[in-house]
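>>> Fold the following and give me the result.
(one chain, ligands or ions: 1)
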Amino acid sequence: MSALTPPTAWDIDAVRADFPILDQEVHPGKPLVFLDSAASSQKPVQVIEAMNHYYRHTHANVHRGVHVLSEAATELYEGARDKVQKFINAASRKEVIFTSNTTESMNLIVQTWGRVNLGPNDVVVLSVMEHHANLTSWHILQQEKGFRIRYVPVTPDFRLDMDAYQQILRDEPVKAVSIMHVSNVMGTINPMAEIVRLAHAVGAIAIGDGAQSVPHMPVDVQALDVDFYAFSGHKMCGPTGVGILYGKKALLEAMPPWMGGGDMIRRVTLEGSTFNDLPYKFEAGTPAIAEGIGMGAAVDYLSNLGMDRVHAYEREIADYLHDRLAEVPGLRLFNPDAPYRSSVATFTLDDIHAHDMAQILDSEGVAVRAGHHCAMPLHQHFNVPATSRASFYLYNSLTEVDKLVEALYIAKRRFSRK
Ligand code: C6P
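Below you'll find the model as predicted:
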């Protein structure tokens, strides 16, 4: 590193070289500009190779056999749990439960902790900006248990209304607060530690949806003091099919199991079953072994880059992105200002429908997501049926911001001719 290079300099070419999928044209003369990482990120060769190597050399079921391959597979799979524990600074590996994704993690909390602890006199606090994973899972149990749900509103500057949150906590017998750390639509970074502190002050538990935070910033579950925290492997350079539920040990120990099956039991007779210790109590059946190992490789990849550096680079992208977008006439943005924003731009342009917009951008090689992004209530709050979302990640370059802006002007020109 030369004396002139700042210590946080990001070698974007070296990072992009790790992601072979990025090096392609998606239409003749149109190189891929992948801006849909909030839906699912791309995978570096290190993750692809780890899974490939496992299937070629070490595949066998875990926790079951005494033969060489089963022991090797178990070591790799359980090693991935240790990596995740360290990555989020959980106090114990028993607190790291493998699930299939954030959605399953959320449903696990609701169907175990929620089922045991919630009744008609209780209140659960969610927010208007939540993803459906953190809405419908509660709605399903609410129909059975009859508790009430209060929703923290969103401010006109696209943030969580913390005053309204505190008012709800004063007014209601709140048992649980479940809120996203980072919004998948607006990119808003919510004050998670403060949300947790205020929930605990009234005796409520606090649950964090970390699907959009863990991939992009350092997360320390002990510093947040959060009771449960959920995230997905596929948004953080890992494979699909694997996710994590972090939970404080005392809470997890007090919760009944969710799914029954192999691995989660201690003893089974025809009269009944007793259950395994944590974390296995919540992991019934053969797990997604290769995916767990792939997630471990993704954690290694991100740790080697350094999450502080990833976050700093994404802030640089966010600043440039929002500076450039501010110059596009007719663009309506649904993102907060710095320091609350992340490397996401969600927008409508003139009266172009979001799906038409995504198609035009795609014809220019620019991949974005269009629709309600599994956050229908938030779009009802905006009073728009759909938005387009460009979500950047550690492998996107500043030049790709320019490509997005160019493509937006192309869309404007095409529609103004109609
Ligand atoms: N958001 C998006 O395009 P799963 O599908 O279980 O891995 O993640 C669900 C989920 C939960 N919470 C948040 C904040 C999320 O962003 C997501 C997934 C994707 O925004 C797919 S809908």
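
>>> Kindly state the domain boundaries assigned to the protein.
12-31+306-416, 49-304 (automatic domain parsing).

>>> Can you check which of those domains gets nearest to Ser40?
Distances from Ser40 to each of the domains of the chain were compared by C-beta to C-beta, and the smallest falls on domain 49-304, at 4.8 Å. For glycine as for every other residue, the C-beta is placed from the backbone atoms N, C-alpha and C.

>>> right, is the closest one up against the ligand?
Yes. With C-beta under 6 Å from any ligand atom as the threshold, domain 49-304 lies in contact with the ligand, specifically through 101-103, 131, 133, 180, 184, 209, 211-212, 232.

>>> hmm, back to that, let me have the domains of the chain in CSV, adding mean neighbour count and mean pLDDT as columns.
Putting the domains of the chain into CSV (neighbours: other C-beta atoms under 10 Å; pLDDT from 0 to 100) gives the following:
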stretch, mean neighbour count, mean pLDDT
domain 12-31+306-416, 18, 97
domain 49-304, 19, 97
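
>>> Strands of the stretch 101-250 of the chain, start to end?
For the stretch 101-250 of the chain, the strands defined by DSSP state E, counting those that start in this stretch cover 123-127, 148-152, 174-180, 205-209, 228-232, 243-247.

>>> check contacts around the closest residue to the ligand within the stretch 301-418 of the chain.
Closest approach of the stretch 301-418 of the chain to the ligand (C-beta to the nearest ligand atom) occurs at Cys374, with a separation of 3.7 Å. Cys374 makes contact with 131-133, 184, according to C-beta atoms under 8 Å, 6 or more residues apart in numbering.

>>> residue contacts, the residue nearest to Tyr165 when sequence neighbours are not counted?
Among residues not flanking Tyr165 along the chain, Val152 sits closest, at 4.6 Å (C-beta to C-beta, 6 or more residues apart in numbering). Taking C-beta under 8 Å, 6+ apart, we find Val152 in contact with 125-128, 160-161, 164-165, 168, 179.

>>> Get me the contact residues on the stretch 301-418 of the chain for the ligand.
Near the ligand, when you scan the stretch 301-418 of the chain using C-beta under 6 Å from any ligand atom, you find 369, 373-374.

>>> let's go with 8 Å and repeat that
Remark: the part of the stretch 301-418 of the chain in contact with the ligand comprises 369, 373-375, 389, 391, using C-beta under 8 Å from any ligand atom.

>>> Tell me which of the residues you listed fall in strands.
Secondary-structure check on those using DSSP state E: residues within strands are 369, 389, 391.

>>> if we can go back for a sec, tell me the two of the residues of domain 49-304 next to the ligand that are most distant?
Comparing the members of those, the greatest separation, given C-beta to C-beta, is between Asn101 and Met180, at 14.7 Å.

>>> Would you map the helices across the stretch 1-150 of the chain?
If you assign secondary structure with DSSP state H, counting those that start in this stretch, the helices in the stretch 1-150 of the chain sit at 12-17, 45-57, 68-88, 102-109, 115-117, 136-145.

>>> Return the fourth one as PDB; C-alpha atoms alone will do.
Right, helix 102-109. Extracted C-alpha coordinates of helix 102-109, given in PDB (Å, rounded to 0.1, in the frame of the first residue of the first chain):
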ATOM      1  CA  THR A 102     -35.000 -14.800   8.000                       C
ATOM      2  CA  THR A 103     -38.600 -15.700   7.400                       C
ATOM      3  CA  GLU A 104     -38.200 -19.000   9.100                       C
ATOM      4  CA  SER A 105     -36.300 -17.400  12.000                       C
ATOM      5  CA  MET A 106     -39.200 -14.900  12.500                       C
ATOM      6  CA  ASN A 107     -41.800 -17.700  12.400                       C
ATOM      7  CA  LEU A 108     -39.800 -19.700  14.900                       C
ATOM      8  CA  ILE A 109     -39.800 -16.900  17.400                       C
END
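
>>> If you count contacts, what does whichever strand or helix holds Leu408 end up packed against?
Element membership of Leu408, judged by DSSP states H and E, is helix 398-416. With contacts taken as 3 or more C-beta pairs under 8 Å, 6 or more residues apart in numbering; DSSP states H and E, helix 398-416 sits against strand 33-34, helix 307-325, strand 344-349, helix 354-363, strand 366-367.

>>> Sheet partners, orientation included, of the very next helix or strand once past the second one?
Past helix 307-325, heading to the C-terminal end, the next element that is a helix or strand (DSSP H and E) is strand 331-333. Paired neighbours of strand 331-333 in the sheet (DSSP bridges): strand 344-349 (antiparallel).
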